[in-house]
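Undergrad: This is a predicted model, with the sequence first.
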Amino acid sequence: MLHVLGLLTIVLLVLLIAVNALFMVVSPRAWFHLPNWIRAQGSLTEKKFGSGWGAIQVRITGALVLGVIFWVLYDSLLLRR
C-alpha cells in the first residue's frame, strides 16, 4: 500500500511540474497568473519576465524542464534493459 501511495505521489508531482513547464513554454504571461501552489516562480516578476528577453528565458527554462521529463520517461519506460 505504501508503495502505491509513493508512486501516486511521484505521478502527481511530475504532472504538476509538467503543467507548470507547459505554461512556461506556451505563454510566460499566463504562467504568472497561475495559482501559487502550481507555479514555481521564485523571485521572478511578470514585469521583468512577462515579455521580451525575460519571456524567452522563461520559455527556454520550461522547454528544458519538459525535455528532462520526457527524457527520463523515455529512458525508464521504453528502454528496457
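TA: Ah, there it is. Numbers count the residues shown, from 1 in each chain.
Undergrad: Show me where the protein dips below the pLDDT cut-off.
TA: The model of the chain has pLDDT under 70 over residues 80-81.
Undergrad: Tell me where this protein has helices.
TA: Per DSSP state H, the chain carries helices over the ranges 2-26, 28-31, 46-49, 53-73.
Undergrad: Columns distance to R39 and mean neighbour count on top of those, output as a markdown table?
TA: (Glycine included, C-beta is placed from N, CA and C.) Formatted as a markdown table, the helices of the chain follow (distance: least, C-beta to C-beta, whole Å; neighbours: other C-beta atoms under 10 Å):
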| stretch | distance to R39 | mean neighbour count |
| --- | --- | --- |
| helix 2-26 | 6 | 13 |
| helix 28-31 | 6 | 18 |
| helix 46-49 | 11 | 15 |
| helix 53-73 | 11 | 14 |
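Undergrad: Mind putting the ones you listed into CSV with distance to L79?
TA: Below are the helices of the chain laid out as CSV (distance: least, C-beta to C-beta, whole Å):
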stretch, distance to L79
helix 2-26, 18
helix 28-31, 32
helix 46-49, 36
helix 53-73, 10
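Undergrad: Ok, which of those helices comes nearest I38?
TA: When the helices of the chain are compared by C-beta to C-beta, helix 2-26 sits nearest I38, at 6.0 Å.
Undergrad: Tell me which other helices or strands the closest one touches.
TA: In this structure, helix 2-26 packs against helix 28-31, helix 53-73, with contacts taken as 3 or more C-beta pairs under 8 Å, 6 or more residues apart in numbering; DSSP states H and E.
Undergrad: Now do stretch 17-30: everything it contacts.
TA: 31, 34, 38-40, 46, 49-51, 54-55, 58-59, 61-63, 65-66, 69 (C-beta atoms under 8 Å, 6 or more residues apart in numbering).
Undergrad: How far off centre is that stretch?
TA: 7 Å (C-alpha atoms, centre = their mean, to the nearest Å).
Undergrad: Stretch 6-21 too?
TA: 9 Å.
Undergrad: again, but for stretch 25-36
TA: Stretch 25-36 has its C-alpha centroid displaced from the chain centroid by 11 Å (C-alpha atoms, centre = their mean).
Undergrad: Distance of the residue nearest the centre of the chain relative to L2?
TA: The centroid of the chain falls nearest to A21 when counting by C-alpha atoms, centre = their mean (2.9 Å). A21 is 29 Å from L2, where distance means C-beta to C-beta, to the nearest Å.
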